[in-house]
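# Quick check, what structure comes out for this input:
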Amino acid sequence: MSLISLRLPDDLDALLNQEAKASKRAKSEIARTAIADYLKKQERERFMAAYIRSIASRDPAEALAMAEEFLPLENEALALAESGGRSRVLAAWESRPAYGAGRKAKPAAKPRRSSKRRAR
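So this is what the prediction gives:
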């Protein structure tokens with residue numbers, strides 16, 4: 001797992017500390033979850049923007065048919081968000097490949113040499 005460092009304004013740091021104490025979780029765990037959620041949201045927004053662009057470039061009748069096909073899924077997602085429940089739609093969304101999946105993995109780091117010299 002990689003290590004990052006970031007600067008937080010005092011008010012955000014105080015909220016993070018408060019949440020960590022209330023949830024009995026590490027601040028880094030909360031930050032990881034927040035970053036993962038943010039990246040999923042960004043990925044979904046980009047997908048939706050591309051989908052809308054592709055619909056806009058089509059024949060109006062075809063675009064209307066696609067919108068009507070999408071409407072039940074949108075309504076189900078809205079109902080789930082309002083009820084706080086889960087369904088196969090959310091499960092399918094969450095089971096998709098993670099952000100950056102398919103990219104080549106970084107090569108393993110070379111082991112560090114000890115700073116102590118061997119006695120000869």
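
# and stretch 19-38, how far apart are its ends?
Stretch 19-38 has its terminal residues 18 Å apart, counting by C-alpha to C-alpha, to the nearest Å.

# Any buried residues in that stretch, and which?
For stretch 19-38, burial by neighbour count (16 or more other C-beta atoms under 10 Å) applies to Ala20, Ile30. Placement of C-beta: from N, CA and C, glycine included.

# Can you show me the CA trace of the helix or strand hosting Glu68 as CSV?
Per DSSP states H and E, Glu68 falls inside helix 60-83. In CSV, the C-alpha atoms belonging to helix 60-83 read as follows (Å, rounded to 0.1, in the frame of the first residue of the first chain):
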residue,chain,number,x,y,z
PRO,A,60,-34.2,12.2,-31.9
ALA,A,61,-36.4,9.1,-32.1
GLU,A,62,-33.5,6.8,-31.2
ALA,A,63,-32.4,9.1,-28.3
LEU,A,64,-36.0,9.0,-26.9
ALA,A,65,-36.1,5.2,-27.1
MET,A,66,-32.7,5.0,-25.2
ALA,A,67,-34.0,7.5,-22.6
GLU,A,68,-37.1,5.4,-22.1
GLU,A,69,-35.0,2.3,-21.7
PHE,A,70,-32.8,4.0,-19.1
LEU,A,71,-35.7,5.6,-17.1
PRO,A,72,-36.6,2.4,-15.0
LEU,A,73,-33.0,2.1,-13.9
GLU,A,74,-32.9,5.7,-12.9
ASN,A,75,-36.1,5.4,-11.0
GLU,A,76,-34.9,2.3,-9.2
ALA,A,77,-31.6,4.0,-8.2
LEU,A,78,-33.6,7.0,-6.9
ALA,A,79,-35.8,4.8,-4.8
LEU,A,80,-32.8,3.0,-3.4
ALA,A,81,-31.1,6.2,-2.5
GLU,A,82,-34.2,7.5,-0.8
SER,A,83,-34.7,4.2,1.2
